[in-house]
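Peer 1: kindly generate the corresponding structure for this input.
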Amino acid sequence: MNSFNPTHAARRSRRGVSLIEALIALAISAMLLAATMVATKASFKAYGDACEEASTNAATRIVVNRLLMLIRNSSAHGPLAADTTVTPNATLSGNTVTSPYMEVLDPATSDILRFEYHSDTQQLWMKRTPASGGTAQSQALLGGVTACNFYCLRRLNTQGLWVLQRGTMDLTIQPGGDTTLPLEKAPATPLRVIASTMPRKIAD
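Peer 2: Next comes the predicted model:
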């Protein structure tokens, strides 16, 4: 007849976790942590890309809207002929001039405003030449511009002078990376903007 041994029962009730069980638990925890890191990295990248694209989009829209307003309200524009003094050259095909710059006469100050693309620095610049003959001032408007062309469709007015019929701006901008988030390595989606308008203050 077997007798009950309370010592053996206590030992069985105090049995701990085996080595195999501990290893399985660690493997599961490692997989969960890896999945969490992948999800976190994807979230950071998506957030960073959205912020960069939104910021670039806003800055670009401001510059483009400003230029369109100047084209509409100005009474003089350029270039309206081929120009070999700039690189790349402004070329004439039919009545359309393709150029790396566009000039307008500021209706408020009569200053000459020149919007010019610098391909070496990938920047769009504005140069203001005062009507009074003072010192010209230049400032960078946009960075990360990978391509930019201005198209000036010209026409002859009743006085036999070439004037602008329609001005078009076509630029592509690459949003910059957020250097505060080292997880973001892939570049954001390029933004392309094409805008066109006609001047309102040119007399026939």
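Peer 1: use CA for all of it now, contacts and neighbours both
Peer 2: Will do.
Peer 1: other SSEs contacting the longest helix that the chain contains?
Peer 2: The longest helix of the chain (DSSP state H) is helix 19-73. Of the remaining helices and strands, those touching helix 19-73 by 3 or more C-alpha pairs under 8 Å, 6 or more residues apart in numbering; DSSP states H and E are strand 101-105, strand 137-143, strand 162-173, strand 191-197.
Peer 1: average pLDDT for it?
Peer 2: For helix 19-73, the mean per-residue pLDDT is 83.
Peer 1: the following helix or strand past that helix pairs with which strands?
Peer 2: Remark: after helix 19-73, the chain's next helix or strand is strand 77-78, criterion DSSP states H and E. Using DSSP bridges, the strands paired with strand 77-78 are strand 101-105 (antiparallel).
Peer 1: tell me which helix or strand comes right after the strand it pairs with.
Peer 2: Later in the chain than strand 101-105, the nearest helix or strand by DSSP H and E is strand 112-118.
Peer 1: now residue 135. Its backbone dihedrals?
Peer 2: With angles defined as degrees, to the nearest 10, residue 135 sits at phi -70, psi 130.
Peer 1: now it: closest residue in space, sequence neighbours ignored.
Peer 2: residue 129 (6.9 Å; C-alpha to C-alpha, 6 or more residues apart in numbering).
Peer 1: how close does that neighbour sit to residue 151?
Peer 2: Counting by C-alpha to C-alpha, to the nearest Å, the separation of residue 129 from residue 151 is 22 Å.
Peer 1: between those two, which is the more surrounded one?
Peer 2: residue 151 (24 against 18; other C-alpha atoms under 10 Å).
Peer 1: got the contact list for stretch 105-119?
Peer 2: 70, 73-77, 100-104, 123-131, 145-149 (C-alpha atoms under 8 Å, 6 or more residues apart in numbering).
Peer 1: what are the buried residues along it?
Peer 2: Residues of stretch 105-119 classed as buried: 105-107, 110-119 (neighbour count, 16 or more other C-alpha atoms under 10 Å).
Peer 1: got it, and stretch 130-140?
Peer 2: residue 130.
Peer 1: what does it contact?
Peer 2: Contacts to stretch 130-140, defined as C-alpha under 8 Å, 6+ apart, come from residues 109-112, 123-129.
Peer 1: now, which of the residues you listed sits nearest residue 21?
Peer 2: Checking the contacts of stretch 130-140 against residue 21 with C-alpha to C-alpha, the nearest one is residue 123 at 61.0 Å.
Peer 1: and the closest residue in space to the closest one that isn't next to it in sequence, what's its pLDDT?
Peer 2: Take residue 123 and drop its neighbours on the chain: the residue closest to it by C-alpha to C-alpha, 6+ apart is residue 143, 4.5 Å away. Residue 143 is assigned 91 on the pLDDT scale.
Peer 1: next, count neighbours for residue 143.
Peer 2: By other C-alpha under 10 Å, neighbour count at residue 143 equals 19.
Peer 1: OK, contacts around it?
Peer 2: Contact analysis of residue 143 by C-alpha under 8 Å, 6+ apart lists 122-124, 173.
Peer 1: try 10 Å
Peer 2: The neighbours of residue 143, taking C-alpha atoms under 10 Å, 6 or more residues apart in numbering as the test, are 56, 59-60, 118, 121-125, 173-176.
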